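*Asks:* how would this look folded up:
(chains A and B)
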Number of protein chains: 2
Amino acid sequence: MTGEAARRVPAVTRVGRVVARAGIVVTGTEVLTGRVSDRNGPWLAEQLRRMGVDVGTVLVVGDRPEDLRAALGFLIAAGEDLLLTTGGLGPTADDLTAEIVAEVQGRPMALDPSLEREIAGIVEGLMDGRRWRADAEATAAGVRKQAMVPAGATVLPPVGTAPGLVVPPAEGRTGPAVVVLPGPPPELQGMWPAALAAEPVQQALAARSELYQETVRLWGTLESQLAATLRQHEFPGLEITTCLRDGELEIVTRYGPDAQPVYDRLMSVLREAHGEQLFSTGPTVDDLVADALAGKGLTVATAESCTSGLLAARLTERAGSSAWVLGGVASYANSAKENLVGVPAEMLAEHGAVSTQVAAALAEGARARFGADVGVGITGIAGPGGGTPDKPVGTVHLCVIGPDGSRPSSVVLPGSRSAVRQRAVTLAMHMLRHLLLGGPPA
Amino acid sequence: MTGEAARRVPAVTRVGRVVARAGIVVTGTEVLTGRVSDRNGPWLAEQLRRMGVDVGTVLVVGDRPEDLRAALGFLIAAGEDLLLTTGGLGPTADDLTAEIVAEVQGRPMALDPSLEREIAGIVEGLMDGRRWRADAEATAAGVRKQAMVPAGATVLPPVGTAPGLVVPPAEGRTGPAVVVLPGPPPELQGMWPAALAAEPVQQALAARSELYQETVRLWGTLESQLAATLRQHEFPGLEITTCLRDGELEIVTRYGPDAQPVYDRLMSVLREAHGEQLFSTGPTVDDLVADALAGKGLTVATAESCTSGLLAARLTERAGSSAWVLGGVASYANSAKENLVGVPAEMLAEHGAVSTQVAAALAEGARARFGADVGVGITGIAGPGGGTPDKPVGTVHLCVIGPDGSRPSSVVLPGSRSAVRQRAVTLAMHMLRHLLLGGPPA
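*Replies:* Numbering: from 1, shown residues only, chains lettered A, B, ... in the order given. I've put the predicted structure just below:
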């Protein structure tokens, strides 16, 4: 692990103090059935953990009132100090969260007129931005529903159209306050600071104690190898979790201040046994590559066949990436490889599109056509069709070329079409990391 | 809704018969904290629902044994007929699912020697494919852990390295069987047919009853407009859920055979009130565009600025897309717009990169450079920086050009950088749909 990039994220993040626990209920049939994948439960759990609030369980329920009631009941019975819900705040009849939470907390629902005016203004602006026509009466009815709130609740101003709520139990009752947040992740995240600032939330968080969290990332090994290392030692006071994702092994450890010497010992053990695979004690490979390109003043361009734009999209996920990403070609057809990237037709004919030669030509071509310092080429067979005994599904050839040389890589990646594409893009990120910063080879 | 594409998916899907309920527990601190987003809970819920098995709750817990125990206990106490777990089957010490399920079901753990040999062979192949070196002893220890199974359980053969399990309660005990599945979605999905075939699962599914599911998709309206329509009627026997995603409004309805006339009435109401926005009674916009391109024998190419490859990646998600996708340029830098797509430098200087003129030139350029029938151009300000009073963050200009004409669109999209990029790509898909098939304008 070298370079400024690594140092920008502190090795140890102070993450606050531990409350007994918080519980989260994610609502929405669209989430339960996977039409929308939940990003809110994990996001909230992580925010709370960073503050030292422990989250043990996230429940996902559909839009049925009895399921939401049972989920809230489970968490209240478990003695959680704070409950959070996401979703179910829209204008349609299946959006029931505010009502059910009011019922569970023993508070009647009432219209908030100033909130009603605020939401009406927001909805108008949204329709205008997309140039859609709205029926004024229909809009008004939806707005009125969204402006109904439990009496005595704190209203969190809308970020989208839906307000959030902090709902303590009714006077004379005991139990945790419920923080009611909207489903769309940008709205929920935008509302989070206001939720944290609310008095009942501050009270629940008052009992936090110190907790640290550290992340170590390995590239080039499987979980079984790490497990063997960890089995040879005892690490009392550390909560160690490992996770293999797209070929990358992530080790996250949480511990109280007393266990700092134990954590230091874990780090020695990891460096001893897996030093050759350890590429980060904090930042992601995306952080490392972005910071290295920015820090060295280098630009990058891609030419992708089987991943067809996924790497270009990933490299531009972060704001400001236009300073180092010039662009890319999704050269899916052979004609595109020839005409847009300059891969010679003879090379395609002789070696086939999926070959080390074409991967190198794609990287060279991307570099030349975009005038970039670094070029990346990817070509492979994502499947499920197109495999041969010689080049089975999952065969991917990659090449990264920079001012000081090039790195080729040829692999057979396991998994579905989508898994092969994702894993190839992650491998390319590690090849960029290795080219720019050294460390574990990709 | 026109075209063959729509007819390929039946308007009404017969989805089986209803068992009392199944419950799902997703395990893994990496899922709970969002380092990995869960795709298994929703996928399983949807598979089960399609067979008429009702899933009301998915619980997500970390790698702590007490949380997993409590989650299983909640679902058993709720009287579920079948439980399913995902994750926690790896070789590391934090992978505890098999042990805890064995304990809950009252069955001791025992080594399965033939399973041990099978897993050992798989792990060797994996390391070879990526050309990683493994320590033989470490590998063997990991393999041995993964080959420990509850006595009397049905072993589901590994798809990755981990076997699945079907664990009925011990002799003399009552309660639901637990289906234990691995965490990586391709492994879990690959193992699903074997899990379904297991005797205890078949028994739990025996009590299913008939249930239908239908999906209607609208483009060009907000939930409040639909809510107003639905509020004017009663639809007894229908479970209607709506979901707004990237500007698209999805209406999913579930009902028993008796409610068919009620559903037919809902459809009449929707066609009456929202016929101009109704673009599908089943297939997604991705299905419609892919089938239209394939059916008409047309090819497509893209030139993307702010979305930088996301549309090209989305168009190539499905197998076989090489028949109609030629490729794309992620023309992030202005130099790339000029050199790779042929946008005139004067146009960029006069109108700026984010303009209707440049969107049209990108679409034209993509079509010309790739020799495609249809070209798509996208340019915009994804944010969070780069906005001006004149062109605020979220401003996106798009253009789709085909053999019979072109469609431009200019919008201001709400949300974060990532939301603006996703919404712009979905809008582009609808512009393609409209160009190819007519229906609601994008």
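
*Asks:* what's the nearest residue to A:E248 if we skip its chain neighbours?
*Replies:* Counting by C-beta to C-beta, 6 or more residues apart in numbering or on different chains, A:W219 is the residue found nearest to A:E248 once chain neighbours are left out, at 5.8 Å. C-beta here means a position set from N, CA and C on the backbone, and glycine is covered the same way.

*Asks:* what number of residues lie near that neighbour?
*Replies:* A total of 25 residues lie near A:W219 under the criterion other C-beta atoms under 10 Å in any protein chain shown.

*Asks:* any idea how far the spatially closest residue to A:L298 that is not a sequence neighbour lies from A:L432?
*Replies:* Spatial nearest neighbour of A:L298, chain neighbours left out: A:D373 (4.1 Å); criterion: C-beta to C-beta, 6+ apart. Separation of A:D373 from A:L432 (C-beta to C-beta, to the nearest Å): 11 Å.

*Asks:* stretch A:392-407: end-to-end distance?
*Replies:* Stretch A:392-407 has an end-to-end distance of 22 Å (C-alpha to C-alpha, to the nearest Å).

*Asks:* please see if that stretch touches chain B.
*Replies:* Yes: counting by C-beta under 8 Å from any C-beta of the partner chain, chain B is contacted by stretch A:392-407 at A:G394.

*Asks:* where does that stretch sit relative to the chain's centre, distance-wise?
*Replies:* 26 Å (C-alpha atoms, centre = their mean, to the nearest Å).

*Asks:* and what of stretch A:413-426?
*Replies:* For stretch A:413-426, the distance to the chain centre is 18 Å (C-alpha atoms, centre = their mean).

*Asks:* does it come close to chain B?
*Replies:* Yes: using C-beta under 8 Å from any C-beta, stretch A:413-426 reaches chain B at A:L413, A:P414, A:G415, A:S416, A:R417, A:S418, A:A419, A:R421.

*Asks:* residues touching that stretch, excluding its own?
*Replies:* A:245-248, A:285, A:306-308, A:310-311, A:314, A:378, A:380-384, A:393-394, A:396, A:398, A:427, B:126, B:129-130, B:160, B:184, B:186, B:189, B:313, B:317, B:319 (C-beta atoms under 8 Å, 6 or more residues apart in numbering or on different chains).

*Asks:* buried sites along it?
*Replies:* For stretch A:413-426, the neighbour count (16 or more other C-beta atoms under 10 Å in any protein chain shown) marks A:413-417, A:419-426 as buried.

*Asks:* could you export that stretch as PDB, CA atoms only?
*Replies:* As requested, the backbone C-alpha atoms of stretch A:413-426 are provided in PDB (Å, rounded to 0.1, in the frame of the first residue of the first chain):
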ATOM      1  CA  LEU A 413     -13.900 -15.900 -14.700                       C
ATOM      2  CA  PRO A 414     -16.700 -17.900 -13.000                       C
ATOM      3  CA  GLY A 415     -20.400 -17.000 -13.000                       C
ATOM      4  CA  SER A 416     -23.300 -15.700 -15.100                       C
ATOM      5  CA  ARG A 417     -23.100 -13.200 -17.900                       C
ATOM      6  CA  SER A 418     -23.600 -10.300 -15.500                       C
ATOM      7  CA  ALA A 419     -21.000 -11.800 -13.000                       C
ATOM      8  CA  VAL A 420     -18.400 -12.200 -15.700                       C
ATOM      9  CA  ARG A 421     -18.900  -8.600 -16.800                       C
ATOM     10  CA  GLN A 422     -18.700  -7.200 -13.300                       C
ATOM     11  CA  ARG A 423     -15.600  -9.300 -12.400                       C
ATOM     12  CA  ALA A 424     -13.800  -8.300 -15.500                       C
ATOM     13  CA  VAL A 425     -14.400  -4.600 -14.700                       C
ATOM     14  CA  THR A 426     -13.100  -5.100 -11.100                       C
END
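
*Asks:* just to revisit the earlier point, and the buried residues of stretch A:413-426, which is the shakiest by pLDDT?
*Replies:* pLDDT across these is at its lowest for A:G415, which sits at 79.

*Asks:* how close does the residue nearest to A:L298 get to chain B?
*Replies:* 13 Å (C-beta to the nearest C-beta, to the nearest Å).

*Asks:* about what we covered before: just the buried ones among the contacts of stretch A:413-426, please.
*Replies:* Buried, going by 16+ other C-beta under 10 Å: A:246-248, A:285, A:306-308, A:310-311, A:314, A:378, A:380-383, A:393-394, A:396, A:398, A:427, B:126, B:130, B:160, B:184, B:186, B:189, B:313, out of those.

*Asks:* as a quick check, tell me the outermost residue of chain A.
*Replies:* A:E346 (42.4 Å; C-alpha atoms, centre = their mean).

*Asks:* show residues contacting the host helix or strand of that one.
*Replies:* Element membership of A:E346, judged by DSSP states H and E, is helix A:345-351. Applying C-beta under 8 Å, 6+ apart, the external contacts of helix A:345-351 come out as A:N334, A:K337, A:E338, A:S355, A:Q357, A:V358, A:A361.

*Asks:* how far is it from where the chain is centred?
*Replies:* 40 Å.

*Asks:* list the buried residues in that helix.
*Replies:* A:M347, A:L348.

*Asks:* residues in contact with the closest residue to A:S305 other than its chain neighbours?
*Replies:* Spatial nearest neighbour of A:S305, chain neighbours left out: A:T379 (4.1 Å); criterion: C-beta to C-beta, 6+ apart. By C-beta under 8 Å, 6+ apart, the contact list for A:T379 reads A:S305, A:C306, A:A353, A:V354, A:S355, A:V358, A:A359, A:L362, A:V396, A:H397, A:L398.

*Asks:* for whichever residue of the stretch 301-442 of chain A sits closest to chain B, which non-adjacent residue is closest in space?
*Replies:* Closest contact between the stretch 301-442 of chain A and chain B, by C-beta to the nearest C-beta, is at A:G309 (2.8 Å). Leaving aside its chain neighbours, A:G309 sits nearest to B:G309 (2.8 Å; criterion: C-beta to C-beta, 6+ apart).

*Asks:* filter the contacts of helix A:345-351 down to the buried ones.
*Replies:* Buried residues within the contacts of helix A:345-351, defined by neighbour count using 16+ other C-beta under 10 Å: A:N334, A:K337, A:E338, A:S355, A:Q357, A:V358, A:A361.
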